[in-house]
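Peer 1: Provided below are the primary sequence and the corresponding predicted coordinates.
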Amino acid sequence: MKFLLFIAGVVLLQVTGSQSNPPPPPEFSECAKEAGISEDMLKHGPEAHKGLSEFKCLTACMMKKKGELEAGNNINLDKLKANRPANLADKAAEMEKADQECAETAKGTADECDFANAFKECLHSKFPMGMKGGQ
């Protein structure tokens, strides 16, 4: 279990490109397991497996556990805002606008995992450093 948490931390650092980020949220390990992501896949990071359903479903699982993704592929904008790290308060208005735009962009995607991934990719295109509060 400790090894999995260690690997999750390494993956998170690889994704964000910064070593100053907090450790992965507690639901990361649980969602990685639920999504069927092996330790070997984690070693290589999400970018090495971009587009695989396992990593798309990891995003959906984490968003659901945080209350950010609701039934019917609805984004809970209030939860996204509440889950945003305090150190990003100066970007709140810009991020809220991006959350709304990306929720609209992903709308119409039927599969929950694809929907969550489309939302995440949209946010990452607007904030390349991974500034989204929920992810």
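Peer 2: Alright, I've got the coordinates.

Peer 1: what sits up against the helix or strand containing Lys97?
Peer 2: Secondary-structure element containing Lys97, defined by DSSP states H and E: helix 92-106. Helix 92-106 is contacted from outside by 73, 75, 77, 80-81, 84, 88, 115-116, 118-119, 122-123, 126-127, 131-133, using C-beta atoms under 8 Å, 6 or more residues apart in numbering. C-betas here are computed from N, CA, C, even on glycine.

Peer 1: buried set for that helix?
Peer 2: Met95, Ala98, Asp99, Cys102, Ala103, Thr105, Ala106 (16 or more other C-beta atoms under 10 Å).

Peer 1: Distance of Lys107 relative to Gln100?
Peer 2: For Lys107, the distance to Gln100 (C-beta to C-beta, to the nearest Å) stands at 11 Å.

Peer 1: next one: Ala32
Peer 2: Applying C-beta to C-beta to Ala32 and Gln100 gives a distance of 29 Å.

Peer 1: Assign a three-state SS to Ala89, would you?
Peer 2: Three-state secondary structure (criterion: DSSP: H, G, I helix; E, B strand; the rest coil) places Ala89 in helix.

Peer 1: Break down the protein into its strands, ranges please.
Peer 2: Secondary structure of the chain (DSSP state E): strands located at 69-70, 74-75.

Peer 1: Please identify which of these is closest to Glu27.
Peer 2: Closest approach to Glu27 among the strands of the chain (C-beta to C-beta): strand 69-70, 12.1 Å.

Peer 1: What mean pLDDT does the closest one get?
Peer 2: Here strand 69-70 scores 96 as its mean pLDDT.

Peer 1: tell me what it is packed against?
Peer 2: Packed against strand 69-70 by the contact rule (3 or more C-beta pairs under 8 Å, 6 or more residues apart in numbering; DSSP states H and E) you find helix 53-65, helix 112-126.

Peer 1: So which helix or strand of this protein has the lowest pLDDT on average?
Peer 2: Ranked by mean pLDDT, DSSP states H and E, the weakest helix or strand in the chain is helix 2-16, scoring a mean of 45.

Peer 1: any idea how far Glu68 is from Ala35?
Peer 2: In this structure, Glu68 lies at 16 Å from Ala35, with C-beta to C-beta as the measure.
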